[in-house]
Structures are given as structure tokens and as C-alpha cells.
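**Q** The following block contains a protein sequence and its predicted model.
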Amino acid sequence: MGILGDVQKLSVAGDGTPFYSGASHYGTKVCDCKKHGVYDCKCPRRYSDPDARWGWDSYREQWFYGDTLFNITASDSPYDLPIYLRKAQASRHDSILAVFAMSEIRKLYPDLCIRNFIADGAMDNYPTYELMYHWNIIPFIPLDAKTKQTLTKLPPGIICLDDQGRPICKGGIPYEDCGYSYPKGIKYRCYFDCHDIEKPCQCTDSPYGRTVYLKPKDDFRLITPVPRGSEAFNEKFKTRTSVERSHKRLFEDYDIEEYKARSSRQRFALATFAAVNVHLDAWVKHTGFSIIPLLEELSGKAA
């Protein structure tokens, strides 16, 4: 039907979200200590949701009791369709879930060719980049704002990389991204020469200006196939919001937390049913199907 986008060059976005439990983390006393005047006993208690764990809700900036629901969507889909859901302990970090998710989704959908993986800074770690390179998937992940690591091997004329992965010349000016030049790597050219502006330095005698190349293999994390800060990177990264809209469909439109489920299995079942309904909504909208003509036809026959 084409509602996922181009399945031969599929772009996916992944993110986790808190799924609050409807149970109390205090549990229920099963002893009779209260009858004997002991109110702070340490006796075993019965927990209606023993699989729930504590985790951090970064959006609300508070601790929560429940699970983490990790969602992967087809980011180029006009309907923000979820294609993979995974339930995990609330304490499990998104970067770990992303590795499991991408591995399992490749096994679930062998006919899909995943080309791009879009995620937030939680997935900014070397193992994820190396895995994406091994699978020939282009990562669109911003650098963590706290990162201080720099390349140990820099071409001549570069003092460091900025927060977008662009090389910085000795004058403190970022080089201009000129795209990928196979097999040399990502090509960067002097900003002044690239824009035909008189430059304040004489770092090279070449009329073309100083040119440097960065190869992703030198550092998968700092040197991405599509440079951070480039127009192509920014345009593709904007589609990451598809997973956030997908979460909105599950948690607000279908209000799966309203059931206050006290079981991890029940919570995951609710999320799965809601995801199925999201797909059904997309099919109805995409095909223009309406049940009204059918009902009118049936009512006419009955009359």
C-alpha cells in the first residue's frame, strides 16, 4: 500500500517512553502484625505488579514505577506507523534497547531494507555507530552535549571538530561541507574559498583553497556518513518526531495508561492492540474506505 514509505530504503526512528504501572509499589501486607500493634514490620508483602521497576521519566523529570515501552516507527510514513514495540524494565537505558530492537526488527522483517536510523542523543555511543556501520545503516544521531572527546588523528590544518562534527581550521572557522567524495571520504573546503570571500589568512597557496577529507572509519561516532549540521542531516533528523507522534497516538488518542494495568503483560498487550488500531486507521484513511455506503445499502435491502 506504500504507507510505510520506500521499503527498499526504509527510514526508521526509535525512542523509549515510560509506561506507568497502575499498581502501588508499597505492596499489600499479608501478615497480622498490625493486630499486634506492629505497624512498621518487615514481613514479606504481596505485590500485584512484581515485574514493575523504578525508572526515570526525563520528560516529567520524576521517578516512575512501571515499564519502558520502546517504539520504532517508519519515519517516512505519513501516518507515523509503529512497526516494532518492545517492553523492558524501567531501569533499562534506551541505548541498550535500541541495539536489541534493531537486531530483532531485521529478523522480523527480512524483506525490508533499513537504510536510515534516526534517534536522539541517548543512542550516542560507539557500539551503536559500529553496529549501524556493520549493517550498512546510516545513523542520524546528534552528539551528546556533554561530549568532550576529539579525534586523535586529524588531517593537517585542523585543530578540532565542533559539536556538529565539522573540522575547525587554525583560524577557528568551520570548514564547509562539500559532500562525500568516494573513496577519500567526506570533503571539507575552506569556508572563505568556498564562498569566494577574501580570507584573512594564507594557509595555502592553492587557488582552490585548503581541502581536507574525513573518513567515517577513523571514528564512527564523530565522523558520520551524513555530516551533522548539514542540510541533509537536519532534514532527515526532523523525521524523528514521527516516533513522538506515535507515542502520542498510543498514550493520548488510545489512552492505554488509563486502564491502570497492574501487569507488564497486560500493558504490552494494550500497547500492541493500540498499535494495530493505528495501522487500521491508516489503512482506512489511505484507501478512503467508509462503512456508511455499506450500511445504507443494507438498510435499503432490509426496507
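**A** Perfect, thanks for sending it.

**Q** and Phe237, how many residues sit next to it?
**A** 20 (other CB atoms under 10 Å). For the C-beta atoms, the positions are set from N, CA and C on the backbone; glycine is no exception.

**Q** pretty sure it is in contact with Phe140, am I right?
**A** Yes: Phe237 is in contact with Phe140 according to CB atoms under 8 Å; the separation is 5.0 Å.

**Q** so what sits against both of these two?
**A** Ile118 (CB atoms under 8 Å, 6 or more residues apart in numbering).

**Q** could you pull out the strands for the stretch 51-200 of the chain?
**A** For the stretch 51-200 of the chain, the strands defined by DSSP state E, counting those that start in this stretch occupy 53-57, 62-74, 82-89, 114-118, 138-140, 160-161, 167-168, 176-181, 185-189.

**Q** can you list these in JSON lines and add mean neighbour count, mean pLDDT and distance to His247?
**A** Below are the strands of the stretch 51-200 of the chain laid out as JSON lines (neighbours: other CB atoms under 10 Å; pLDDT from 0 to 100; distance: least, CB to CB, whole Å):
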{"stretch": "strand 53-57", "mean neighbour count": "16", "mean pLDDT": "95", "distance to His247": "13"}
{"stretch": "strand 62-74", "mean neighbour count": "22", "mean pLDDT": "96", "distance to His247": "6"}
{"stretch": "strand 82-89", "mean neighbour count": "19", "mean pLDDT": "96", "distance to His247": "9"}
{"stretch": "strand 114-118", "mean neighbour count": "21", "mean pLDDT": "96", "distance to His247": "15"}
{"stretch": "strand 138-140", "mean neighbour count": "22", "mean pLDDT": "95", "distance to His247": "19"}
{"stretch": "strand 160-161", "mean neighbour count": "17", "mean pLDDT": "78", "distance to His247": "33"}
{"stretch": "strand 167-168", "mean neighbour count": "20", "mean pLDDT": "84", "distance to His247": "37"}
{"stretch": "strand 176-181", "mean neighbour count": "15", "mean pLDDT": "84", "distance to His247": "33"}
{"stretch": "strand 185-189", "mean neighbour count": "20", "mean pLDDT": "86", "distance to His247": "33"}
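
**Q** May I have the beta-bridge partners of Asp57?
**A** Residues in a beta bridge with Asp57, per DSSP bridges, are Gln62.

**Q** Below-threshold pLDDT in the stretch 101-250 of the chain: ranges please.
**A** Along the stretch 101-250 of the chain, the model assigns pLDDT under 70 to residues 145-153.

**Q** if you set the cut-off to 50 instead, what comes out?
**A** For the stretch 101-250 of the chain, applying pLDDT under 50 flags no range at all.

**Q** quick revisit: between the strands of the stretch 51-200 of the chain, which one is nearest to Asn125?
**A** In terms of CB to CB, the element of those nearest to Asn125 is strand 138-140, at 10.7 Å.

**Q** quick revisit: between the strands of the stretch 51-200 of the chain, which one is nearest to Leu294?
**A** strand 82-89 (28.6 Å).

**Q** Looks like Asp144 contacts Met123 (just checking).
**A** No: contact criterion CB under 8 Å: Asp144 and Met123 do not qualify, at 9.8 Å.

**Q** Between those two, which is the more surrounded one?
**A** Met123 (26 against 16).

**Q** For that one, list the residues it contacts.
**A** Contacts of Met123 (CB under 8 Å, 6+ apart): 14, 94-95, 98, 139, 141.

**Q** Repeat the analysis, applying 6 Å as the threshold.
**A** 95, 98, 141 (CB atoms under 6 Å, 6 or more residues apart in numbering).

**Q** and Ser263, how many residues sit next to it?
**A** The local packing of Ser263 (other CB under 10 Å) involves 16 other residues.
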